[in-house]
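J.: The following comprises the amino acid sequence and a computationally predicted model.
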Amino acid sequence: MIKPELLIEKMDTIRKQNPLLHVITNRVAINDSANGALAIGASPIMAEAHEEVAEIAAISNALELNIGNLTPYSIQSMMLSGHAANEAGVPVVLDPVGAGATSFRLNTVRNLFDELDIAIVRGNAGEIAAIAGANWGAKGVDAGAANGDILPLAVQVARRYHTVVAVSGTTDTITDGKQAYLVRNGHPLFPIMTGSGCLNGVIQAGYAAVSANFLEASVAASANYAIAGQIAGERSGGPGTFRQLLMDELYTLNAEKIQKYADLEEVKLP
Amino acid sequence: MIKPELLIEKMDTIRKQNPLLHVITNRVAINDSANGALAIGASPIMAEAHEEVAEIAAISNALELNIGNLTPYSIQSMMLSGHAANEAGVPVVLDPVGAGATSFRLNTVRNLFDELDIAIVRGNAGEIAAIAGANWGAKGVDAGAANGDILPLAVQVARRYHTVVAVSGTTDTITDGKQAYLVRNGHPLFPIMTGSGCLNGVIQAGYAAVSANFLEASVAASANYAIAGQIAGERSGGPGTFRQLLMDELYTLNAEKIQKYADLEEVKLP
Amino acid sequence: MIKPELLIEKMDTIRKQNPLLHVITNRVAINDSANGALAIGASPIMAEAHEEVAEIAAISNALELNIGNLTPYSIQSMMLSGHAANEAGVPVVLDPVGAGATSFRLNTVRNLFDELDIAIVRGNAGEIAAIAGANWGAKGVDAGAANGDILPLAVQVARRYHTVVAVSGTTDTITDGKQAYLVRNGHPLFPIMTGSGCLNGVIQAGYAAVSANFLEASVAASANYAIAGQIAGERSGGPGTFRQLLMDELYTLNAEKIQKYADLEEVKLP
């Protein structure tokens, strides 16, 4: 059973080790993603040029691939960096933005899973359902469906691809196919901030960079991010101030706040 | 005559219908544009890849094309999505950023008008004047000229291209070539926020998505955006806090604020 | 000896002349860079298309080239605009982001120096050291090494390339190879804001646009930017609010604040 003490320990480890995160992401979320990585104590590098992505991925502590603005060029950037990361033992986190929206996106996600070892895949319910081959009725890339029934599909994806699946929503669902956790922290302003899911993916990479156990990393990332957002939401007057206070809270998060807010539950799998 | 009640009704309709907006825009404004769309209750999708733009435009409730960072690739994205939108009856909003700055931009705008049915074109005075073939002395893409004499040129563009023209400035001027409205709301910090005009264009698309009458949609979009900014400006300490409070105000705008602030005037055309 | 009065005079000149800045920069920093340029009273235009960059550079008051997201396409954009700027007598500012991170970046910086006249190069210690051919142990693109020993390397780069070198860090070091200044203003939150160095580069371009003496321009840019950040940092609750307050402070900076905060020192060179 994962306890708040583990969330605190992981948070502190990132601040101490200052891991280098290679992030390939979309143009909408790129600025918040870099700022959020800095706020938790990591060093982001957002390189996408074919000339350098393999070189950078190999020296990074984690690689995060986000398909929000897919182009044939960026797909190749992801493949080059992903292979280099896999060879160097650098964990790869995948954010399958809008996987259910077009066949172009879903095919790309399938190809990335086929070619690469993915440590953690983080998406909303619609995206994870699309990867599982189920129809979830996603709408746009910011779709946040209720999470009630997503666990069986998340387990299915985790087992098929030998990966940790983190489903973001009102309640986050995290599973490696053997164990599963729910994180009940969060705030209704999260889905009104574009790229808040994408930043979650980057933070997953920050925690994966300092952990051998990717299930623990993903639960800690999900919980600490949701707690920071919950506190930011309570202090904000809308999505604009929420976004800035979220960065402040990621930076000032501490043991006391985590102990006070953390709301985790382990779910037994059949 | 458009009254504040109509502005309130349109605002509520967006929040109820949650329209999907396909937005192709520049790298500077893309994050604020997505956040602003979410703040008014729409769902933005910022896809630009040729593999998927037609598919996405056809299932959207409006398409917004912004030429801020033109490339041959993005022009093709706009043509593909624009034709798909026209065929599917999805309204298209055009933001001709910097149309007067280079011949490359002006030619692109002319080609978009020739090939596509544009429901609303939103620009500053210099951009609309450039489309009309007049010399307005624009400076950079954030040029905000005084609007006094723009109405005849706006009417000319509206009639030539059978479109609604929304000219942003200290006073906004909106016309479909038959009727014209002035919106006197706003705040001096608007032009100090990069992409504030681009976000206006996205909001025009949000209102067009839920309206059969594009003149009404454009007046409501212009007024509600200007009112949100006016309130944000009164509360802010400069352009940084203005930008965040603008998002908060778009999200928390309500009937009471609109009734209190709305400053509309109908202008009789000759 | 440069005094606070000069910093005030330069600040006022930008606000009066409203220089047009052509900025080619990376996707992470592009929004903050445009907002920061507007906040100091300049007009930014972020064009990168080959069809128009030479035309825009030639009519601008300064050109800023930032290599944060290098691609073969953007390198060509920089070459085309750089040559046009040099021919038109428009000062060029270079920001060699991550110059030490990959050979692709370092080679690009060397080529830009070989082909173009650079008025000011602004980077952190690791980047300037890489240009000088020294090993500084940079980590990621946001590396902020202590600046103690960077002066000799900065002087070497300034003399080799006949340029002004501005090294950002806890203390900023600025030299043209004949004179050198230290700016001791700043705040620990600067390196936690992604693109804060990139915005510094844009502000250097704003000051270069209105100055014949690029050493004075660079010292004034460095000092005023650091002072605005210092005041913002004192008022902020973390990196999120810092970023917005920095924009507010750039916009509201005045003679009184500069007189109160400015902490400059001239260093004698051997």
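T.: Great, that's in hand.
J.: What mean pLDDT does stretch A:4-20 get?
T.: Mean pLDDT, stretch A:4-20: 98.
J.: That one near chain C anywhere?
T.: Yes. If you take Cβ under 8 Å from any Cβ of the partner chain as the test, stretch A:4-20 does meet chain C, through A:18, A:20. Just so you know, the C-beta spots here come from the backbone N, C-alpha and C atoms, and that holds for glycine as well.
J.: Regarding residue A:224, which helix or strand does it belong to?
T.: helix A:214-235 (DSSP states H and E).
J.: next one: residue A:154
T.: Using DSSP H and E, residue A:154 sits in helix A:150-161.
J.: Which of the residues in that helix are classified as buried?
T.: Neighbour counts over helix A:150-161 (16 or more other Cβ atoms under 10 Å in any protein chain shown) mark A:150, A:151, A:153, A:154, A:155, A:156, A:157, A:158, A:161 as buried.
J.: and it with helix A:214-235, angle?
T.: Interaxial angle, helix A:150-161 versus helix A:214-235 (axes from the mean of the first three to the mean of the last three Cα atoms, to 10 degrees): 140 degrees.
J.: hmm, back to that, tell me the helix or strand right after the helix holding residue A:224.
T.: helix A:239-252.
J.: What residues sit buried inside that following helix?
T.: Those would be A:239-251, for helix A:239-252 by 16+ other Cβ under 10 Å.
J.: on that earlier part again, what mean pLDDT would you report for the next helix or strand along the chain from the helix holding residue A:154?
T.: Downstream of helix A:150-161, the next assigned helix or strand under DSSP H and E is strand A:164-168. Averaging pLDDT along strand A:164-168 gives 98.
J.: Show me which residues of strand A:164-168 are buried.
T.: Neighbour counts over strand A:164-168 (16+ other Cβ under 10 Å) mark A:164, A:165, A:166, A:167, A:168 as buried.
J.: give me every residue that touches the fourth one.
T.: Yep, that's residue A:167 we're talking about. Neighbouring residues of residue A:167 by Cβ atoms under 8 Å, 6 or more residues apart in numbering or on different chains: A:122, A:123, A:124, A:125, A:128, A:147, A:150, A:154, A:173, A:174.
J.: which one of those residues is nearest chain B?
T.: Ranked by distance to chain B (Cβ to the nearest Cβ), the contacts of residue A:167 are led by residue A:124 at 12.6 Å.
J.: The closest one contacts residue A:197, correct?
T.: Yes. Taking contacts as Cβ atoms under 8 Å, residue A:124 lies within contact range of residue A:197: 6.2 Å.
J.: The two: which is more packed in?
T.: residue A:124 (28 against 25; other Cβ atoms under 10 Å in any protein chain shown).
J.: For the more buried one, give its distance to residue A:191.
T.: For residue A:124, the distance to residue A:191 (Cβ to Cβ, to the nearest Å) stands at 9 Å.
J.: Would you mind listing what in the stretch 151-270 of chain A touches chain B?
T.: Residues of the stretch 151-270 of chain A lying close to chain B (Cβ under 8 Å from any Cβ) are A:191-195, A:236-241, A:243-244.
J.: Rebuild those residues as JSON lines, extending it with distance to residue B:268 and pLDDT.
T.: Shown next, in JSON lines, are these (distance: Cβ to Cβ, whole Å; pLDDT from 0 to 100):
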{"residue": "A:191", "distance to residue B:268": "45", "pLDDT": "97"}
{"residue": "A:192", "distance to residue B:268": "41", "pLDDT": "98"}
{"residue": "A:193", "distance to residue B:268": "44", "pLDDT": "98"}
{"residue": "A:194", "distance to residue B:268": "41", "pLDDT": "97"}
{"residue": "A:195", "distance to residue B:268": "46", "pLDDT": "97"}
{"residue": "A:236", "distance to residue B:268": "45", "pLDDT": "98"}
{"residue": "A:237", "distance to residue B:268": "41", "pLDDT": "97"}
{"residue": "A:238", "distance to residue B:268": "39", "pLDDT": "98"}
{"residue": "A:239", "distance to residue B:268": "40", "pLDDT": "98"}
{"residue": "A:240", "distance to residue B:268": "39", "pLDDT": "98"}
{"residue": "A:241", "distance to residue B:268": "42", "pLDDT": "98"}
{"residue": "A:243", "distance to residue B:268": "44", "pLDDT": "98"}
{"residue": "A:244", "distance to residue B:268": "45", "pLDDT": "98"}
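J.: what about the residue nearest the centre of chain A, which helix or strand?
T.: By Cα atoms, centre = their mean, chain A has its centre lying nearest to residue A:201, at 2.2 Å. Residue A:201 is part of helix A:196-208, with elements assigned from DSSP H and E.
J.: What average pLDDT does that helix get?
T.: Averaged over helix A:196-208, pLDDT sits at 98.
J.: just so I have it, where are all the strands in chain A?
T.: In chain A, the segments counted as strands under DSSP state E are A:20-24, A:43-45, A:62-66, A:92-95, A:120-124, A:164-168, A:172-175, A:180-183, A:264-267.
J.: Just put the ones you listed in TSV and tack on distance to residue C:116.
T.: Below are the strands of chain A laid out as TSV (distance: least, Cβ to Cβ, whole Å):
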stretch	distance to residue C:116
strand A:20-24	29
strand A:43-45	26
strand A:62-66	34
strand A:92-95	38
strand A:120-124	43
strand A:164-168	46
strand A:172-175	50
strand A:180-183	52
strand A:264-267	56
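J.: Quick check: which of the ones you listed is nearest to residue B:12?
T.: For residue B:12, the closest of the strands of chain A is strand A:120-124, at 26.4 Å, according to Cβ to Cβ.
J.: what packs against that closest one?
T.: strand A:92-95, helix A:125-132, strand A:164-168, helix A:196-208, helix A:214-235 (3 or more Cβ pairs under 8 Å, 6 or more residues apart in numbering or on different chains; DSSP states H and E).
J.: count of neighbours near residue A:170?
T.: The number of residues packed around residue A:170, counting by other Cβ under 10 Å, is 16.
J.: before we move on, what about the one 10 residues further on?
T.: If you count neighbours by other Cβ under 10 Å, residue A:180 ends up with 21.
J.: repeat for residue A:54
T.: The local packing of residue A:54 (other Cβ under 10 Å) involves 18 other residues.
J.: If we ignore the residues flanking it in sequence, what's nearest residue A:59?
T.: residue A:20 (6.9 Å; Cβ to Cβ, 6 or more residues apart in numbering or on different chains).
J.: so what's that neighbour bridging to?
T.: residue A:43 (DSSP bridges).
J.: Look at it and say how many residues are nearby.
T.: Look at residue A:20: counted by other Cβ under 10 Å, it has 21 neighbours.
J.: try residue A:213
T.: Other residues lying near residue A:213 total 15 when counted by other Cβ under 10 Å.
J.: tell me the pLDDT at it?
T.: 98.
J.: I'd like to know how far it sits from residue A:200.
T.: Residue A:213 sits at a distance of 19 Å from residue A:200 (criterion: Cβ to Cβ).
J.: Buried residues in stretch A:186-200, which are they?
T.: Buried, per 16+ other Cβ under 10 Å, within stretch A:186-200: A:186-187, A:189-200.
J.: Which one of these is nearest to residue B:79?
T.: Distance ranking of the buried residues of stretch A:186-200 against residue B:79, using Cβ to Cβ, places residue A:194 first at 25.7 Å.
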